[in-house]
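Student: got a predicted structure here, sequence first:
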Amino acid sequence: MKFQCPAKVNLFLEVTGRRKNGYHTLSTLFAKINVYDVLDMEFANGGRPTLEIIDELDSGPLSAGPDNLVMRAADAFYKSFRIGVGVKIVLTKRIPMGAGLGGGSSDAAGTLLGLAKLFQIELTAARRKRLHAIGVKLGADVAFFLKDANFCLATGIGDRLRPLELKKSLPFMVLAWPGFGSPTAPVFKALPPRRRADILTHLSQLGRLKRRLQAGRPVDEWGKLLFNRLEQAELPVMSEVAQARRILEAAGAKGVRMSGSGSSVFGFVSSHAEGERVVKRLQAYPWKVYLTSCHG
């Protein structure tokens, strides 16, 4: 059985506070995009899951041991649903790691959903709640990937989700990964102090963005409302991300932003043909570039 695990971008991300346990609280707008890792699952001998990784990005050595999010998700699923049958899982990596695209979280969610399908476990409301609880323990973004929704407004640590229905598809997107990762924890730690009034202003901006997206307005009317507070982190890596943003904007993309904690950047184009022209211009740089779109 094959299971596709989509990447995501954050169309909006404001950091609203910090909990005593160190986790930051957010107000964000998630969007699934058409870039995927793939999970292949089949029954195998033994009573436990095993993992093999095919890395199409040549990222370097990837652990397939118990620390991998796929294995952590599988082990948690086995324990929660009392599974005693072996499964071989093959993960094909196509989403860059450390890029702010949620690849690991999507793989974890795909593992939970895929195993439920493989073992023909009906996902009642109670069982979905159980998967959500498992997902939150694995990572803040996992809960979003467990949802069927293509777009979600999220608060808390990203685990309190409200699906957002759009009547019209968003334009094509050019996504560029500069080829290096951006570690999440240092990015949050390097954020400069923020005033409460500034945060409230940006939350109002999110409200306007949501209404214009729902109304199916063109990107010219909402592109400038996209926002990512983490772009302001004072880290050397951010200067390279800012350069990638400027290059993508100069190539003609609109609403250009970094996704999540970086290091990937994305922007919207008016057509597939324009997207191909932008991608061609970016091929002068040693980046991984995708012409893609949001789900829906």
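Tutor: That came in fine, so what should we check first?
Student: give me the mean pLDDT for stretch 260-273.
Tutor: Stretch 260-273 carries an average pLDDT of 95.
Student: then stretch 133-147?
Tutor: Mean pLDDT, stretch 133-147: 95.
Student: list the buried ones in it?
Tutor: Within stretch 133-147, the residues scored as buried using 16 or more other Cβ atoms under 10 Å are 134-136, 138-147. Where you see a C-beta, it was placed from the backbone N, CA and C, and this is true even at glycine.
Student: quick check: chain neighbours aside, which residue is closest to residue 160?
Tutor: Spatial nearest neighbour of residue 160, excluding adjacent residues (Cβ to Cβ, 6 or more residues apart in numbering): residue 154 at 6.3 Å.
Student: and the one you found, how far is that from residue 271?
Tutor: 30 Å (Cβ to Cβ, to the nearest Å).
Student: neighbour count winner among those two?
Tutor: A side-by-side neighbour count of residue 154 and residue 271, using other Cβ atoms under 10 Å, places residue 154 first with 23 against 10.
Student: what's the helix or strand for the more buried one?
Tutor: strand 151-155 (DSSP states H and E).
Student: got a list of contacts for that strand?
Tutor: Outside of strand 151-155, the residues within contact range by Cβ atoms under 8 Å, 6 or more residues apart in numbering are 16, 25-32, 143-144, 160-166, 206, 210, 213, 294-296.
Student: name the residues of the lengthiest helix in the chain that come out as buried.
Tutor: Determined from DSSP state H, the single longest helix within the chain is helix 196-214. For helix 196-214, a neighbour-count test (16+ other Cβ under 10 Å) marks 199, 202, 205-206, 209-210, 212-213 as buried.
Student: this protein: helices as residue ranges?
Tutor: Taking DSSP H as the criterion, the chain carries its helices at 69-81, 103-118, 125-138, 142-146, 184-189, 196-214, 236-250, 272-282.
Student: report the separation between the closest residue to residue 18 other than its chain neighbours and residue 178.
Tutor: In space, and not counting its chain neighbours, residue 18 is closest to residue 24: 5.1 Å by Cβ to Cβ, 6+ apart. As judged by Cβ to Cβ, residue 24 and residue 178 stand 24 Å apart.
Student: tell me which of the two has more neighbours.
Tutor: The neighbour comparison of residue 24 against residue 178 (other Cβ under 10 Å) goes to residue 178, with 23 against 19.
Student: look up how far residue 56 lies from that one.
Tutor: Counting by Cβ to Cβ, the separation of residue 178 from residue 56 is 18 Å.
Student: next one: residue 242
Tutor: Per Cβ to Cβ, residue 242 is found 28 Å from residue 56.
Student: which residues sit in contact with the residue nearest to residue 18?
Tutor: Applying Cβ under 8 Å, 6+ apart to residue 24 gives the contacts 15, 17-18, 157, 188.
Student: buried residues in the helix or strand of the chain at the bottom of the mean pLDDT ranking?
Tutor: Ranking every helix and strand in the chain by mean pLDDT, DSSP states H and E puts helix 184-189 at the bottom, with a mean of 88. Across helix 184-189, burial judged by 16+ other Cβ under 10 Å covers 184, 187-188.
Student: surely residue 37 meets residue 105?
Tutor: No. Assessed by Cβ atoms under 8 Å, residue 37 is found out of contact with residue 105, at 10.6 Å.
Student: for the buried residues of helix 196-214, give me CSV that also has pLDDT.
Tutor: Output for the buried residues of helix 196-214, formatted as CSV (pLDDT from 0 to 100):
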residue, pLDDT
199, 93
202, 93
205, 96
206, 97
209, 97
210, 97
212, 97
213, 97
